[in-house]
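Asker: Provided below for reference: sequence and predicted model.
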Amino acid sequence: MKVFKLHNANSSQAKYLQLAETVRNAIKQGQLTAGDKLPSVKSISQDLGVNRHTVMKSLAELVAEGWIESIQRVGYKVVHNLPIERSSTLAQVNDSSHPTNYRFVRSGSQLPTYPASDCEYNFAGGQPDLTQFPFDEFKRCMSDVLSRPQLVELSYGQSAGTPELIEQIKRYLRKSRAITEREVVITNGSQEALFIVAQLLLQTGDKVAVEGLGYPPAMSVFSSTGAELVGVKQDDQGMCPDDLEIQILKGNVRLIYLTPLHQYPTTVTLTISRRMAIYQLAVRHSIPIVEDDYDHEFHYRCQPLAPLATQDPAQLVIYLSTFSKIMFPGARIGIMAVSKAMAKAVTEYRLMICHKSNVLMQAALAKWMSNGGFERHLRRTTRLNLQRRDHAIAVLKQYDCFEFDIPDGGMALWVKLKQSKNVNQAPPSAQKLAEKCQQMSIYVQHEKQFQLNKNSEGDNYIRLGFAGMNEGKFADGIALLANSLHIKN
Ligand SMILES: Cc1ncc(COP(=O)(O)O)c(C=O)c1O
């Protein structure tokens with residue numbers, strides 16, 4: 001028979017409650033299982049040196065809670081239907097049956113079976129070089145924040161973001177993009193912004209106009225609302241306004257999604273005349289535009305074209321940007337620059353999800369921006385990324401199997417796999433190449449991954465990120481990749 005040792009013997013808790021907790025824990029931990037008989041009141045009382053009345057009161061408590069039962073002429077026993085699921089008794093029952101089949105009524109995106117970050121050569125298109133981040137400098141900002149915490153911000157409230165960061169970002173958007181007079185909301189990356197916008201504006205039966213080759217995480221959130229995605233034609237100048245108009249005239253287009261500065265994944269910059277044509281169409285039909293300006297900072301040929309959001313008298317542009325490329329994706333800092341009405345709706349909606357973004361990260365970032373560290377890092381990485389783009393171009397030109405246009409900016413190249421001169425050889429498949437690369441710990445994305453219509457024919461292009469790895473590594477990775485193009489399937 002088990003002798004109990006009082007739980008928490010020195011606490012100020014009443015003795016009978018301490019004993020009840022001791023027995024409860026013994027059951028939870030499996031020392032006592034269903035049907036086990038408890039020692040008699042007399043022996044418990046003697047063992048623990050507490051009076052019988054206390055033991056009786058404790059056992060009555062456990063009976064009331066449903067842990068034990070009192071059986072005439074037998075004494076107290078552990079019940080069979082315990083009030084908790086994690087007791088060893090229930091675990092034993094569950095072991096012999098099947099795990100619960102939840103009725104999932106919704107699902108998210110599939111987790112990657114082979115994450116890019118696990119690969120030796122990571123050509124993911126938007127990957128910054130994490131080794132270049134000035135952690136020591138940022139650590140000082142974070143430490144400052146922790147030494148002098150703004151208690152108001154540590155609590156709930158201020159769902160749009162910490163006032164200091166909003167101020168810094170407004171200033172930054174004005175200086176770098178001429179975006180003014182907009183409300184700024186800090187989100188957990190632009191993905192959260194995309195999700196909330198989709199939830200606020202879309203429902204079953206609606207349509208969203210996207211490019212036929214696009215950003216899968218955006219497509220997923222739009223279709224999660226029950227909306228239908230319609231693929232608009234695109235070419236070497238970006239989305240085709242004529243085709244957009246055809247789609248709009250078919251009815252029910254409620255949102256247009258664009259990555260105008262560097263189209264994702266093709267890297268093409270949407271021309272000024274097309275921007276104007278698309279904007280005018282949107283105004284005429286009252287359709288909001290999500291402008292996803294995810295890598296604005298990295299434009300090398302000239303000053304980046306001004307975002308649509310800078311000339312938006314109708315206030316239908318929902319402007320998004322992110323710190324995932326300038327800092328690191330795990331920072332989860334996204335920016336929305338929107339009308340007052342949209343900012344209010346977004347902040348109210350996010351109260352149901354997460355209230356706000358991490359306040360320590362926001363405050364540290366605000367410090368880093370105000371002390372000039374952010375701009376220094378930006379200048380360094382822009383120089384570095386340009387250097388890496390030029391190096392990537394030089395490396396790819398050494399092979400006769402790649403064909404590409406030089407992008408005006410961004411962190412990736414959209415590269416066509418050339419047909420071999422040997423006419424008997426099948427055209428190269430980008431998907432097969434990516435699969436082969438996987439076996440060599442090379443992560444590369446292929447055209448099919450970006451297609452809205454999975455039955456589309458194109459399978460010629462790969463997207464090669466050049467910013468995430470140093471030059472030597474990039475060249476080594478490309479050598480392996482090019483070599484595997486020649487390996488027979
Ligand atoms: C088109 C596009 N939008 C947005 C993002 C950034 O997403 P987040 O801010 O959620 O990290 C990326 C990152 O890869 C992207 O490629």
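Answerer: That came through fine.
Asker: pLDDT (mean, whole number) over the one helix or strand A343 maps to?
Answerer: When elements are assigned from DSSP states H and E, A343 belongs to helix 340-350. Average pLDDT, helix 340-350: 98.
Asker: so how far is T259 from Q150?
Answerer: The gap separating Q150 from T259 is 35 Å, by Cβ to Cβ, to the nearest Å. Any C-beta I mention is one placed from the backbone N, CA and C, and that applies to glycine too.
Asker: counting neighbours, go ahead and name the busier of those two.
Answerer: Here Q150 and T259 are compared on neighbour count by other Cβ atoms under 10 Å; more neighbours surround T259, at 28 against 14.
Asker: OK, contacts around the more buried one?
Answerer: With contacts defined as Cβ atoms under 8 Å, 6 or more residues apart in numbering, the neighbours of T259 are G214, Y215, D292, D293, Y294.
Asker: how about CSV for those residues, with pLDDT, neighbour count and distance to the ligand added?
Answerer: Converted to CSV, the contacts of T259 look like this (pLDDT from 0 to 100; neighbours: other Cβ atoms under 10 Å; distance: Cβ to the nearest ligand atom, whole Å):
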residue, pLDDT, neighbour count, distance to the ligand
G214, 97, 26, 8
Y215, 97, 20, 4
D292, 98, 23, 5
D293, 97, 25, 9
Y294, 96, 21, 4
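Asker: what's the span of stretch 181-198, first residue to last?
Answerer: Criterion Cα to Cα, to the nearest Å; first-to-last residue distance in stretch 181-198 is 23 Å.
Asker: that stretch and the ligand, are they touching?
Answerer: Yes: using Cβ under 6 Å from any ligand atom, stretch 181-198 reaches the ligand at G189, S190, Q191.
Asker: L308: how many residues sit nearby?
Answerer: 23.
Asker: so it sits right up against L261, yeah?
Answerer: No: counting by Cβ atoms under 8 Å, L308 does not reach L261; the two are 9.9 Å apart.
Asker: quick one, grab the pLDDT at N81.
Answerer: Reported pLDDT at N81 in the predicted model: 87.
Asker: now do the same contact list for it.
Answerer: Counting by Cβ under 8 Å, 6+ apart, N81 makes contact with G66.
Asker: using the three-state scheme, assign it.
Answerer: Three-state call for N81 (DSSP: H, G, I helix; E, B strand; the rest coil): coil.
Asker: how far away is the residue in the stretch 151-300 of the chain positioned nearest to the ligand from M327?
Answerer: When scored by Cβ to the nearest ligand atom, the stretch 151-300 of the chain has G189 as its residue closest to the ligand, at 2.8 Å. As judged by Cβ to Cβ, G189 and M327 stand 11 Å apart.
Asker: now do L396
Answerer: Applying Cβ to Cβ, the value for L396 to M327 is 28 Å.
Asker: who has more neighbours, the two?
Answerer: Taking other Cβ under 10 Å, L396 and M327 do not tie; M327 has more neighbours (23 against 20).
Asker: the residue of the stretch 151-300 of the chain closest to the ligand: neighbour count?
Answerer: G189: 21 surrounding residues under other Cβ under 10 Å.
Asker: for A64, same thing?
Answerer: By other Cβ under 10 Å, 10 other residues sit near A64.
Asker: show the average pLDDT along the host helix or strand of it.
Answerer: In this structure, A64 is located in helix 52-65 according to DSSP H and E. Per-region confidence: helix 52-65 scores 92 on mean pLDDT.
Asker: can I get the CA coordinates of it in CSV?
Answerer: Provided in CSV are the C-alpha atoms of helix 52-65 (Å, rounded to 0.1, in the frame of the first residue of the first chain):
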residue,chain,number,x,y,z
ARG,A,52,-8.8,11.7,10.9
HIS,A,53,-11.2,14.5,10.4
THR,A,54,-8.8,16.2,8.1
VAL,A,55,-8.3,13.0,6.1
MET,A,56,-12.1,12.5,5.8
LYS,A,57,-12.5,16.1,4.6
SER,A,58,-9.8,15.6,2.0
LEU,A,59,-11.3,12.4,0.7
ALA,A,60,-14.8,14.0,0.6
GLU,A,61,-13.3,16.8,-1.6
LEU,A,62,-11.8,14.2,-4.0
VAL,A,63,-15.2,12.3,-4.2
ALA,A,64,-16.9,15.6,-5.0
GLU,A,65,-14.3,16.3,-7.8
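Asker: right, and the helix or strand after that helix?
Answerer: Sequence-wise, the next helix or strand downstream of helix 52-65 (DSSP H and E) is strand 68-71.
Asker: pull out the buried residues from the helix or strand that contains L281.
Answerer: L281 is part of helix 272-284 when elements are defined by DSSP H and E. The neighbour-count check on helix 272-284 (16 or more other Cβ atoms under 10 Å) flags R274, R275, A277, I278, Y279, L281, A282 as buried.
Asker: pLDDT of it, averaged?
Answerer: Throughout helix 272-284, pLDDT has a mean value of 97.
Asker: what's in contact with the helix or strand just after that helix?
Answerer: The first helix or strand that comes after helix 272-284 along the chain, using DSSP H and E, is strand 289-292. Strand 289-292 has contacts (Cβ under 8 Å, 6+ apart) with 190, 194, 197, 215, 218, 255-260, 264, 278-279, 282, 307-309, 316-320.
Asker: now, these that are in helices?
Answerer: Mapping the contacts of strand 289-292 onto helices (DSSP state H) picks out S190, L194, V197, A218, I278, Y279, A282.
Asker: the second one contacts M336, correct?
Answerer: No: with contacts counted by Cβ under 8 Å, L194 stays clear of M336, the gap being 9.8 Å.
Asker: which residues do these two both contact?
Answerer: The contact sets of L194 and M336 overlap at L320 (Cβ under 8 Å, 6+ apart).
Asker: need the residues of this structure near the ligand, please.
Answerer: Within the chain, the positions adjacent to the ligand are 126, 189-191, 215, 259, 264, 292, 294, 322, 324, 329, 334 by Cβ under 6 Å from any ligand atom.
Asker: related to what we said a few turns ago, which elements pack onto the helix holding A343?
Answerer: strand 183-187, helix 189-201, strand 334-338 (3 or more Cβ pairs under 8 Å, 6 or more residues apart in numbering; DSSP states H and E).
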